[in-house]
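>>> Could you look at this predicted model? Sequence included:
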Amino acid sequence: MNLDEQCEVIYNSRPKLKFCEWFDESSSLWNFTRHSHPYIELIYFVDGKGAVNISGTTVSFSLYDVTLCPAHMEHLDEKEAARRREIICLWIDIPELIIPDFLRIHEQDSILKNAFLKVYQEAKREKPNSILLEYAIKILLIEVLRAESESKEEGQFLDCVLEYIQNHCIEKISLDELAKLEHVSKSWLSRKFRQRTGSTVISYINRLRVERAKQFLVDTDLDVSEIAYQLGFENPKYFYRVFKEQVGESPAAFRRNCKNLRGGRTEMSELFYFTGGYTEPTLMGSGETVPGRCRGISCFSFDEESGMMKLCSVTKSTPNPSYILADPRAPYLYCVNELKEYGGIPGSTVSVYHIEADNGELQLLNRQFTGGADACFLALSPDGSYLMATNYHGGNFCVFPLEADHRLGSASCLLRHVGRGMDVSRQESPHPHQLLCSPDGGYVYVTDLALDRLLCYQADWKNGWLIPCGRQDIAGIPGQGVRHAVFDAAGEHLYVMTEMACQINVYNYNPESGAAELVQTLSTVSAGDAAFCLGAAIRLHPCGRWLYVSVRGVNRLYVFSVRTDGLLEFVQDISSGGEIPRDFVLSPDGRFLLVGNQDTDNICIFAVDLFSGALTYHSEVRDVGGVTVLALWKI
């Protein structure tokens, strides 16, 4: 039944309102058991967040969201997901209306809210007018179905625009022509295109042309001017300038250096990838409970030539190794034990292991308490003499000296954050997430999801101390929930992935002063999708030309090209090959990207196009047990 047919059924129906209430999370009206009923259930989120489980899949929603659950569809409201929840809930009886799927719409302009209010206000009158009530219900249902249809149509429309540009990029294309072709205004198309791709139409077309130019430069002996004309550039000088801005070198220099990019790899070392996850059920900061399917720390050998992985060993004795770090200088591996308590003592621990080089088996050396709950990240000092750890729910972080035999000494420093953010459900108290050393090693930045900041500490590596220097904190945007960050090789740009907003912040960074200026913010998903998505990992390609991020919920990888001025332009988004891509890594030569999909227990391997940075599915390893982290170690 299409939208027109559904609207006709609604128009000719006599809808009956079976339930109409406005209540919050303290109400006794909630039903936290799996249930169904013969009515269409409509909910408007006046405040807070929530989640519903449909056929084993959890759908999250928040402020201004509307959900529609079809009649007879079993669903379960998740109690743990309720955060200051306040809703308007309606049950409507129209047996002849067929709605096959659960719907979720993010309200943008209060049309749906007003439609809900008209139904609620009429129903709660002392003497409701049945005709007006029926009319209000019909309008509400039609508006909800129309909003859902328009949301899908907009995404499909932009897909068609992108496909047209990709197929005709060597022809003369302008924003005017595209707008006329698609029968939309230039301003609307320009705005939606920039939201989707992070660039203007002309910039996007030029990027596609430059990628094709790279292929011509490598595979043919055509003159640069001839290549420019074949790709739609009317002026070779303009092509030269665009190419150099995007690639960082002239077309002729790129042609000379391409052999180094393709075939100049040095003799390969033997590579191992270690993976970890949750070995026992664990309540996450986002509200859901992750089952403990991880078997421990697994070690895989990796063939750089073929891109294939092979399981070597599993170390089962460690609890919840949700983040691991391999020492790049020596055969040692560190992991957090993300716990609320260990051995009856509150808090998490950090474990250190010796790596057996022949098969990757691990031998435990010792453990130390981290001084807080739910340790989630580890980092080494620049000289490898100290190990740092963050405690997500502990709100603090610590520094451990590494002894001569690589055992962990007692903490030399323990610091706690204070404050909270604007989202009381996720940012109610500090949540340190990552530790990132500045390019020169003189500062350590601690990303805090709740404070929306990278808090700056001056490093004293002689004593293992971190000294707060708040004037150099790097601010995000309130409500973004900063998660992980990475510096470029020159130390002049900082890229920050945010968890709650699923956005990337780009900063110009001054290595001498530690000052940072926010110059770009890019969204990976739409505003509506961001409510049920979580930003995850962020990595730069070894050559520095491309940036990659993963987003849970939509379960996709996003690829961006890095311009010479450090700003990003969209290249590609592609399925991660599973669900909840929490972490990924790039092989040292940059030819492969490996992503761990936590909820589908697989590692997907993608081949990287060394001319465009784009990803192509290569292979996968299954039944790997809820991977949350991948760490490289090479002999």
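Structure's in. What do you need? These numbers were taken from a predicted model, which means no experiment stands behind them.
>>> okay, CA-based contacts and neighbour counts for the rest of this
Fine.
>>> Against which helices or strands is the helix or strand hosting Val486 packed?
Using DSSP states H and E, Val486 sits in strand 482-487. With contacts defined as 3 or more Cα pairs under 8 Å, 6 or more residues apart in numbering; DSSP states H and E, strand 482-487 has these neighbours: strand 432-437, strand 443-448, strand 493-498, strand 534-540.
>>> Give the helix, strand or coil label for the closest residue to Lys138 other than its chain neighbours.
Once flanking residues are discounted, Lys138 sits nearest to Ile10: 6.0 Å by Cα to Cα, 6 or more residues apart in numbering. Under the three-state scheme (DSSP: H, G, I helix; E, B strand; the rest coil), Ile10 adopts helix.
>>> same thing with Lys244?
From three-state DSSP, the assignment for Lys244 is helix.
>>> Next, the contact list for it, please.
250-251 (Cα atoms under 8 Å, 6 or more residues apart in numbering).
>>> what do you get if the cut-off is 7 Å, keeping everything else the same?
Ser250 (Cα atoms under 7 Å, 6 or more residues apart in numbering).
>>> Equivalent analysis for Leu362, please.
315, 353-356.
>>> Just send those residues back as TSV, with distance to Leu557 too.
Formatted as TSV, the contacts of Leu362 follow (distance: Cα to Cα, whole Å):
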residue	distance to Leu557
Thr315	29
Tyr353	32
His354	33
Ile355	31
Glu356	33
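>>> Can you tell me which of these is closest to Ser110?
Within the contacts of Leu362, proximity to Ser110 (Cα to Cα) peaks at Thr315, which comes in at 53.8 Å.
>>> tell me which residues of the lengthiest helix in the chain are tucked away?
For the chain, the longest helix by residue count, based on DSSP state H, is helix 130-168. Using 16 or more other Cα atoms under 10 Å as the test for burial, helix 130-168 gives 133-145, 147-148, 158, 161-162, 165.
>>> picking up where we left off before, list only buried entries from the contacts of Leu362.
The neighbour-count criterion (16+ other Cα under 10 Å) marks 315, 353-355 among those as buried.
>>> Pick out the most distant pair among those.
Thr315 and His354 (11.6 Å).
>>> All the helices of the stretch 451-600 of the chain, residue numbers only.
Assigned by DSSP state H, counting those that start in this stretch, the stretch 451-600 of the chain shows helices spanning 527-530.
>>> Quick one: neighbours of Ile580, just the number.
Ile580 sits with 28 neighbouring residues when counted by other Cα atoms under 10 Å.
>>> Angles on the backbone of it, please.
phi 60, psi 70 (degrees, to the nearest 10).
>>> Use 646 as the first number for this chain going forward.
Taking 646 as the first residue, the last one we looked at is Ile1225.
>>> For the closest residue in space to it that isn't next to it in sequence, give its distance to Thr1143.
Using Cα to Cα, 6+ apart and skipping the chain neighbours, the partner closest in space to Ile1225 is Arg1197 (4.6 Å). Separation of Arg1197 from Thr1143 (Cα to Cα, to the nearest Å) stands at 12 Å.
>>> Most distant residue from the centre of this structure?
Lys772 (50.3 Å; Cα atoms, centre = their mean).
>>> what pLDDT does it get?
Note on Lys772: pLDDT of 92.
>>> Kindly report the same for Ala1172.
70.
>>> returning to that earlier point: export the helices and strands packed on strand 1127-1132 to TSV and tack on mean pLDDT, mean neighbour count and distance to Tyr979?
Converted to TSV, the helices and strands packed on strand 1127-1132 look like this (pLDDT from 0 to 100; neighbours: other Cα atoms under 10 Å; distance: least, Cα to Cα, whole Å):
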stretch	mean pLDDT	mean neighbour count	distance to Tyr979
strand 1077-1082	96	25	15
strand 1088-1093	97	26	19
strand 1138-1143	97	25	24
strand 1179-1185	97	25	19
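>>> Checking Ser835 next. Helix, strand or coil?
helix.
>>> ok, how many other residues are close to it?
18.
>>> State the distance from it to Gln1165.
Taken as Cα to Cα, the span from Ser835 to Gln1165 is 18 Å.
>>> just Tyr1088 next, same as before
23 Å.
>>> picking up where we left off before, list the residues that contact the residue nearest to Ile1225.
1178-1181, 1225-1227.
>>> Mind doing that once more with 8 Å?
1178-1181, 1224-1227.
>>> which one of those sits closest to Asp1105?
For these, the residue nearest Asp1105 by Cα to Cα is Ala1181; the value is 30.1 Å.
>>> pretty sure the closest one is touching Met1145, no?
No - Ala1181 lies out of contact with Met1145 (Cα atoms under 8 Å); the separation is 9.6 Å.
>>> Pretty sure the residue farthest from the centre of the chain sits in a strand.
No - per three-state DSSP, Lys772 lies outside any strand segment and is coil.
>>> How about Leu1275: what's its closest non-neighbour residue?
Thr920 (4.6 Å).
>>> likewise Glu894?
Phe888 (7.5 Å).
>>> Per-residue pLDDT of Ala1259, please?
92.
>>> what residues are up against it?
Taking Cα under 8 Å, 6+ apart as the criterion, Ala1259 is in contact with 1204, 1216-1217, 1253.
>>> What is the burial count for the residue nearest to Leu1275?
With other Cα under 10 Å as criterion, Thr920 counts 29.
>>> got a list of what it touches?
Counting by Cα under 8 Å, 6+ apart, Thr920 has contacts 942-944, 969, 1272-1276.
>>> Using CSV, lay out the residues you listed together with pLDDT and secondary structure.
Shown next, in CSV, are the contacts of Thr920 (pLDDT from 0 to 100; DSSP: H, G, I helix; E, B strand; the rest coil):
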residue, pLDDT, secondary structure
Ile942, 96, strand
Ser943, 96, strand
Cys944, 96, strand
Ile969, 97, strand
Val1272, 96, strand
Thr1273, 97, strand
Val1274, 97, strand
Leu1275, 97, strand
Ala1276, 97, strand
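>>> Now neighbour count too, for these, in CSV please.
Below are these laid out as CSV (neighbours: other Cα atoms under 10 Å):
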residue, neighbour count
Ile942, 29
Ser943, 24
Cys944, 27
Ile969, 27
Val1272, 35
Thr1273, 25
Val1274, 26
Leu1275, 27
Ala1276, 19
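>>> Looking at those residues, which one is closest to Ala1095?
Each of the contacts of Thr920 was checked against Ala1095 using Cα to Cα; the closest is Thr1273, at 21.2 Å.
>>> can you give me the helices in the stretch 646-795 of the chain?
Ranges of helices within the stretch 646-795 of the chain are 648-656, 756-768, 775-813, based on DSSP H, counting those that start in this stretch.
>>> name the helices or strands packed onto the first one?
Think helix 648-656. helix 775-813.
>>> Tell me which other helices or strands the helix it packs on touches.
helix 648-656, strand 748-751, helix 756-768, helix 831-842, helix 846-864.
>>> Single out the most deeply packed of the ones you listed.
Across the helices and strands packed on helix 775-813, the average number of neighbours (mean count of other Cα atoms under 10 Å) peaks for strand 748-751, which reaches a mean of 20.
>>> Now do it: which elements does it pack against?
With contacts taken as 3+ Cα pairs under 8 Å, 6+ apart, strand 748-751 sits against strand 710-714, helix 775-813, helix 1172-1175.
>>> closest one to Gly989 among these?
Per Cα to Cα, nearest to Gly989 of those: helix 1172-1175, 38.1 Å.
>>> Work out for me the element Phe917 sits within.
Assigned by DSSP H and E, Phe917 belongs to strand 916-922.
>>> I'd like the average pLDDT over that strand.
95.
>>> Parallel or antiparallel, list what pairs with it.
strand 942-948 (antiparallel), strand 1272-1279 (antiparallel) (DSSP bridges).
>>> neighbouring contacts of the first one?
What that stands for is strand 942-948. Contacts of strand 942-948 (Cα under 8 Å, 6+ apart): 915-922, 953-961, 963, 966, 1004-1006.
>>> Which members of these are classed as buried?
Members of those classed as buried by 16+ other Cα under 10 Å are 916-922, 953-954, 956-960, 963, 966, 1005-1006.
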